[in-house]
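**Q** Next input, structure requested:
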Amino acid sequence: MAFGGDPHRPPHANDIREFFAMAQRTMLITNDFPPRTGGTETFGYELARRMPAAGAGDVLVYTSASAGQREFDRVQPFAIVRDPARTLLPTPRVARKSADLVREHGCDRVVIGSAAPLGLLARGLRTAGVREIVALTHGHEAWWSQLPGVRRVLRRIGDDVDVLTYLGEYTRDLLQDALGSTARHRLVKLAPGVDTDLFHPERDGSAVRERYGLGQGPVILSVCRLVPRKGVDALIRAMSWVRVRHPRARLLVVGEGPDERRLRDLAAWMGVDAEVVFAGAHPNTELPEFYAAADLFAMPCRSRRAVLEAEGLGIVFLEAAASGLAVLAGNSGGAPEAVRHGETGYVVDGRDPGEVARRVTRVLDAPEHARAMGLRGREWVLEDWTWEHATRRLAGLRG
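**A** The predicted structure follows:
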């Protein structure tokens, strides 16, 4: 880009200052960014790569260190600054670095990828010259809002930013209770989206079926971080009942996490270890083949710790629907908002393996009905859940 009108002349300092004075540049500050995998990481990445096209100006990402970052960062269409820390916290050092980046790159807008705790950087960013601050919330801010100490932190963040987003009605209601009267008016819905060109029913899943020895029988897919809240153990227990009617059925689990050893041991104890396949974690771009290999998507999540730990929404439900799959979701937090019960799938009690098994069996018993659910799910995603819709919404947010 030529700053002074002549593409062959190196830019002078005055030219650069003039350029930044006219330009709108958005800085995304986040802990959750690829090459790490997960729904929150996908949320941040998809917003970053689409914001310029949605009119939000040039984009700079300030994020934490991650394995494989050099190869990933090199091919991105936007600048990425990696902090040496594995986790960004609102420490004085990170606050100084954020403010320095704002001044150095002429950022007049900041999107904070996770309001708590990074929203505590807002006051320093404002002093550095940022005109607008949008703080995104996911599931954990809603859970934390029920704890007295954290409620005070959220209230301060809500007072300091221009816009505080929420995923759906469940998270909105919890956040409203924690915020002051002024900050409540700054709440705006900003849900994640789906790349419907990447996730669609015409994908070929035969390579995944062959790679993991899934055969030609029905496949139940679950994509998630392997923690107790996601309900994979309920799916494993349900397989004993499912196999009675569908002996060739397989459960394909994509993801990793601290609960993996317990889940593997449970599958062995239940005698279904041959029917439960753990595929490990995969980047978002590889997931469409896994959805294409499946006949049903299931993540029977459940709330834990007196509802302090619940599902915020669940982008995987939307990716599965966009891929043409019927969806089975647990009745935890905002997860039911990602499924139209009886139309695009079913909402189940993730604590009840028997109910999970009955719903799985019902879907596998009626493949034509399952396909119709999947088609309705894709239509719904195209109408309400695309990234284009989300990024236009973000670009238009004003405090």
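
**Q** Ala329 contacts Leu313, doesn't it?
**A** No: Ala329 is beyond contact range of Leu313, at 10.0 Å (criterion: Cβ atoms under 8 Å). All C-beta spots, glycine's among them, are computed from the backbone N, C-alpha and C.

**Q** Which one's more surrounded, those two?
**A** Per other Cβ atoms under 10 Å, whichever of Ala329 and Leu313 has more neighbours is Ala329, with 28 against 24.

**Q** intersection of neighbour lists for Ala329 and Leu313?
**A** Shared contacts of Ala329 and Leu313 (Cβ atoms under 8 Å, 6 or more residues apart in numbering): 335, 338.

**Q** The helix ranked longest in the chain: how far from the chain's middle?
**A** Scanning the chain for the helix with the most residues, using DSSP state H, yields helix 367-384. Centroid separation for helix 367-384 versus its chain: 21 Å, with Cα atoms, centre = their mean, to the nearest Å.

**Q** what comes up buried for that helix?
**A** Buried residues in helix 367-384, counted by 16 or more other Cβ atoms under 10 Å: 370, 373-374, 376-378, 380-381.

**Q** Equivalent analysis for stretch 339-355, please.
**A** 339-340, 344-353, 355.

**Q** what's the answer for stretch 136-152, then?
**A** Residues of stretch 136-152 classed as buried: 136-145, 150 (neighbour count, 16+ other Cβ under 10 Å).

**Q** Greatest separation within the residues you listed: which pair is it?
**A** The largest distance within those, taken as Cβ to Cβ, falls between Leu136 and Val150 and amounts to 16.8 Å.

**Q** Listing request: residues of the stretch 1-150 of the chain with sub-threshold pLDDT.
**A** 1-23, 53-57 (pLDDT under 70).

**Q** ranges for the helices of it?
**A** Assigned by DSSP state H, counting those that start in this stretch, the stretch 1-150 of the chain shows helices spanning 13-22, 39-50, 69-74, 92-105, 115-118, 122-127, 139-144, 148-160.

**Q** and the second one, how far out from the chain's middle?
**A** Going back to what we said before, that points to helix 39-50. The chain centre lies 8 Å from the centre of helix 39-50; the measure is Cα atoms, centre = their mean.

**Q** elements contacting it?
**A** Using 3 or more Cβ pairs under 8 Å, 6 or more residues apart in numbering; DSSP states H and E as the contact test, the elements touching helix 39-50 are strand 25-30, strand 58-63, helix 315-322, helix 387-395.
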